[in-house]
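Engineer: Sharing a sequence plus its predicted fold:
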Amino acid sequence: MSKSKSVFETLNSINVNDKVEKKNNLTYLSWAWAWAEVKKHYPSATYTIYEDINGMFYHTDGRSAWVKTGVTIEGQEHIEYLPVMDFRNNSILVDKITSVDVNKTIQRSLTKAIARQGLGLYVYAGEDLPNGESKVVAKKPTPKKPTPKKPAPKKPTNIVLNVGDDNWDKVMKYVIDNKELGLKTIGENLLKKYSMTGVVKKEIAKAL
């Protein structure tokens, strides 16, 4: 008796190439299409837009803002955090944010939460085709001369991490994907690369 596919295997095998578009060197997947595709396979799927304590659809540290969304399929929820950004993909100052900015960010965040469930994840991973579809890999030509060794890069100084900045989305993905390590271990690992304020540490703790 063959084993049925998991949610991730089912969604990750779907080719979304004709549903994506490029903008400012980033790839976007249609939110409406992605949700319709999820509901077609899993009619009981739900999504959540997490409000802050004041009932707002975005969260803020007083300087910038971000949204928190979740998609639940067959009892498994995947959470996504995404900064509210302008067309250059820079964080918008909180006093400049409009409802349109927040709405667009929510749609993008939900699409990425769906990707965590499997649909279109290969696009965010930089691949051309989903799992299960073969592609021809061009054979690399043999170089005539050996490539000279590059000098070892200097050890970078720690990056200052702020809620909602360009590194926030990547950090929150690491935190969510490694919950089992616990707050202490996650914090120690992040401090090897980032400098964090008390506000940032509190937001990371909330995600756990």
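Structural biologist: Sure, I can see it. Numbers count the residues shown, from 1 in each chain.

Engineer: Give me the contact list for the longest helix anywhere in the chain.
Structural biologist: Looking across the chain with DSSP state H, the single longest helix is helix 99-116. Contact with helix 99-116 is made by 11, 28-31, 34-35, 38, 47, 49, 57-58, 65-71, 78-86, 92, 120-121, 123-124, as judged by C-beta atoms under 8 Å, 6 or more residues apart in numbering. Heads up, the C-betas are built off the backbone N, CA and C, glycines and all.

Engineer: Among these, the buried ones, what's the ChimeraX command?
Structural biologist: Selecting only the buried entries of these in ChimeraX, with 16 or more other C-beta atoms under 10 Å as the criterion:
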select :11,28,29,30,31,34,35,38,47,57,58,65,66,67,68,69,70,71,78,79,80,81,82,83,84,85,92,120,121,123
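
Engineer: In helices, which of the contacts of helix 99-116 fall?
Structural biologist: 11, 31, 34, 35, 38, 121, 123, 124.

Engineer: Which parts of this protein are strands?
Structural biologist: 20-23, 26-29, 46-50, 59-60, 65-73, 76-83, 159-161, 194-196 (DSSP state E).

Engineer: would you list those in TSV and tack on distance to residue 186 and mean pLDDT?
Structural biologist: Shown next, in TSV, are those (distance: least, C-beta to C-beta, whole Å; pLDDT from 0 to 100):
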stretch	distance to residue 186	mean pLDDT
strand 20-23	32	78
strand 26-29	27	75
strand 46-50	20	97
strand 59-60	20	96
strand 65-73	18	96
strand 76-83	15	96
strand 159-161	13	78
strand 194-196	11	80
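
Engineer: can you list these in a markdown table and add distance to residue 180?
Structural biologist: Below are the strands of the chain laid out as a markdown table (distance: least, C-beta to C-beta, whole Å):
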| stretch | distance to residue 180 |
| --- | --- |
| strand 20-23 | 32 |
| strand 26-29 | 29 |
| strand 46-50 | 22 |
| strand 59-60 | 25 |
| strand 65-73 | 19 |
| strand 76-83 | 15 |
| strand 159-161 | 22 |
| strand 194-196 | 21 |
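
Engineer: got the angle between the longest helix of the chain and strand 65-73?
Structural biologist: Helix 99-116 and strand 65-73 are oriented at 40 degrees to each other (axes from the mean of the first three to the mean of the last three C-alpha atoms, to 10 degrees).
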